[in-house]
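Student: After the sequence you'll find the predicted model.
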Amino acid sequence: MAFTLVKNATLIDGNGGAPLQDAVVLLKDGVIKAVGTANDVPQVNGEVEVLDAQGGYILPGLFDTHVHMMFEQEDYGKKFQTPFSYNFYKAMDHFKRTIETGITSVRDAGFTDVGVKQAVEEGLFVGPRLQVSINPLTITGGHGDSWTRSGIDLTSPTYPTMPSGIVDGPDAIHQKVREMLRAGADIIKVHATGGVMSPTDHPEFTQFSQEELEIIVREAAFRRGVKVMAHAQGAEGIKNAVRAGIISIEHGIYLDDEAIELMIEHGTYLVPTLLAPVSVLEQFENSTAIPEHAARKSREVIDIHRESFTKAYRAGVKIAMGTDAGVMAHGTNLRELGLMVEGGMTPMEAIVATTKTAAELMGWEDKLGTVEAGKLADLVIVKTNPLEDITSLEDKTNIVTVIKEGKVVKDTRKEAAVTVG
């Protein structure tokens, strides 16, 4: 296979240092072989395909560490009339829209099964690489149990590789974790608190005791060394999750000082998903996809959420980018970076959270997250300087080229044909 030389660009490599002007990146067999300027990248023998970045900016392949690839909010009437299997075909478009934003790796926080992951890996359709959690663990009546007081149960259906996530009590938890692992979970997801979208609870309600969360962490670790991520919005549930050894707090709306101190002490990551409640409220005002209870709770938490994020960031909590995509439209993920910057991060820090730190959270830092020799050749070329305007990444027309493991999966550059030298 020929070498590919990406040239004529400024490199923002994901490590947080100063951008490299007149950068070139040499790729072969899906791996980065060399990084530097045109003068210091080694000469190679044989055919070299040249990909001209046309003065753009090279970033590592981006991450979203909290997505739901198998669904997207829609009108409930339409949802009730959609055949179950149709959702798998719809998801192919979710994957396409996601990777075309430059996101080449995602951690799915629920409802995507191992067969979908395998289909991406084997090239049946194009999308970001996945870690899957199968189905989040939840208590009866908690976040994840979508039974409504009308008697209609909106909880997602189960099938052989998607066991029910509803579980109560320590004894049953052992079996439920094993069921998720048997179904192919790369990470276990647990709802440690209530949430915005659930019909019969509140974000501050605590689900599962610390003892139960510890069982989940131990069972996952004993079986395969698998980590646990926790949907955790209320302070008590957050602290239970951190003390139990859970690797990441998803959302973290009601973070208090003790919770932040515990996260720093335990090295726990925050995946803030600032976009989620903002998007829920936007959809409520512009569609029929969002129930009133979710809009009411979103109004209640948006400002608190932003303040908690800022406190955690200033205190030094490790932050990895995640959006809750599916709650909002897939492909709009990079709006999260602008919200993170509004919350106090610099644009460079937001990029690092979306690359290097996210890769570390997912355990992929040895092969992804930065543009370095020896890592997988995931690259994104953008037209605009994201350090000057991070929100420019929200416009997908500015994401001109996306490369995943050396293969170009999107290219909208002018005169985009690759030249061979």
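Tutor: That came through, no problem.

Student: Can you tell me the SS state at Phe35?
Tutor: Wrong residue type there; residue 35 is Val, not Phe. Assigned with DSSP: H, G, I helix; E, B strand; the rest coil, Val35 falls in the strand class.

Student: Name the residues linked to it by a beta bridge.
Tutor: Val35 forms beta bridges with Val25, as assigned by DSSP bridges.

Student: helices and strands around the longest helix seen in the chain, which ones?
Tutor: As assigned by DSSP state H, the longest helix anywhere in the chain is helix 292-315. Helices and strands touching helix 292-315, by 3 or more C-beta pairs under 8 Å, 6 or more residues apart in numbering; DSSP states H and E, are helix 257-266, helix 275-286, strand 318-319, helix 335-342. For every residue, glycine as well, the C-beta is placed using N, CA and C.

Student: Provide the strand pairings for the shortest one, with the direction of each partner.
Tutor: Right, strand 318-319. Paired neighbours of strand 318-319 in the sheet (DSSP bridges): strand 269-271 (parallel).

Student: what's the longest strand in the protein?
Tutor: Longest strand in the chain, counting residues (DSSP state E): strand 48-60.

Student: ok, residues contacting the following helix or strand past it?
Tutor: Using DSSP states H and E, the next helix or strand after strand 48-60 towards the C-terminus is strand 62-67. With contact meaning C-beta atoms under 8 Å, 6 or more residues apart in numbering, strand 62-67 is reached by 98, 101-109, 128, 229, 248, 250, 271, 273, 320-326, 330, 333-334, 336, 354-355, 358-359, 361-362, 368-369, 380.

Student: Next up, the contacts around Ile12.
Tutor: Applying C-beta under 8 Å, 6+ apart to Ile12 gives the contacts 19, 57-59, 348, 351, 386-387.

Student: all helices in this protein, in order from the N-terminus.
Tutor: Using DSSP H, helices in the chain cover 76-80, 86-99, 114-121, 170-182, 210-224, 235-244, 257-266, 275-286, 292-315, 335-342, 347-353, 356-361.

Student: What residues of the fifth one count as buried?
Tutor: If you call a residue buried by 16 or more other C-beta atoms under 10 Å, then helix 210-224 has these buried ones: 210, 212-217, 219-220.

Student: could I get these as JSON lines with pLDDT?
Tutor: Putting these into JSON lines (pLDDT from 0 to 100) gives the following:
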{"residue": "Gln210", "pLDDT": "96"}
{"residue": "Glu212", "pLDDT": "97"}
{"residue": "Leu213", "pLDDT": "98"}
{"residue": "Glu214", "pLDDT": "98"}
{"residue": "Ile215", "pLDDT": "97"}
{"residue": "Ile216", "pLDDT": "98"}
{"residue": "Val217", "pLDDT": "98"}
{"residue": "Glu219", "pLDDT": "96"}
{"residue": "Ala220", "pLDDT": "96"}
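
Student: of the residues you listed, closest to Leu26?
Tutor: If you rank the buried residues of helix 210-224 by distance to Leu26 using C-beta to C-beta, Ala220 comes first, at 39.3 Å.

Student: picking that back up, out of the contacts of Ile12, what pair is the most spread apart?
Tutor: Spatial extent of the contacts of Ile12 (C-beta to C-beta) is set by the pair Ile58 and Met348 at 14.5 Å.

Student: Which one's more surrounded, those two?
Tutor: Legend: neighbour count by other C-beta atoms under 10 Å for Ile58 and Met348, higher for Ile58 (26 against 19).

Student: Tell me how many other residues crowd Gly369.
Tutor: Neighbours of Gly369 (other C-beta under 10 Å): 29.

Student: Please name the residues that touch it.
Tutor: Contacts of Gly369 by C-beta under 8 Å, 6+ apart are 14, 60, 63, 355-360, 375.

Student: Likewise for Leu274?
Tutor: Leu274 sits next to 305-306, 309, 336, 339-340, 343 when contact means C-beta under 8 Å, 6+ apart.

Student: what about 10 Å?
Tutor: Taking C-beta atoms under 10 Å, 6 or more residues apart in numbering, we find Leu274 in contact with 251-253, 302, 305-306, 308-309, 321-324, 335-340, 342-343.

Student: I'd guessed Asp411 sits against Thr401; true?
Tutor: Yes: Asp411 lies in contact with Thr401 (C-beta atoms under 10 Å); the separation is 4.9 Å.

Student: Can you give me the domain boundaries for this protein?
Tutor: 3-61+369-420, 62-361 (automatic domain parsing).

Student: Mean neighbour count, those: which tops it?
Tutor: domain 62-361 (a mean of 21; mean count of other C-beta atoms under 10 Å).

Student: Going by distance to Asn39, which of the buried residues of helix 210-224 wins?
Tutor: Asn39 lies nearest to Ala220 out of the buried residues of helix 210-224, by C-beta to C-beta, at 48.9 Å.

Student: Leaving out the residues flanking it, which one is nearest to that closest one?
Tutor: Spatial nearest neighbour of Ala220, chain neighbours left out: Val226 (4.1 Å); criterion: C-beta to C-beta, 6 or more residues apart in numbering.
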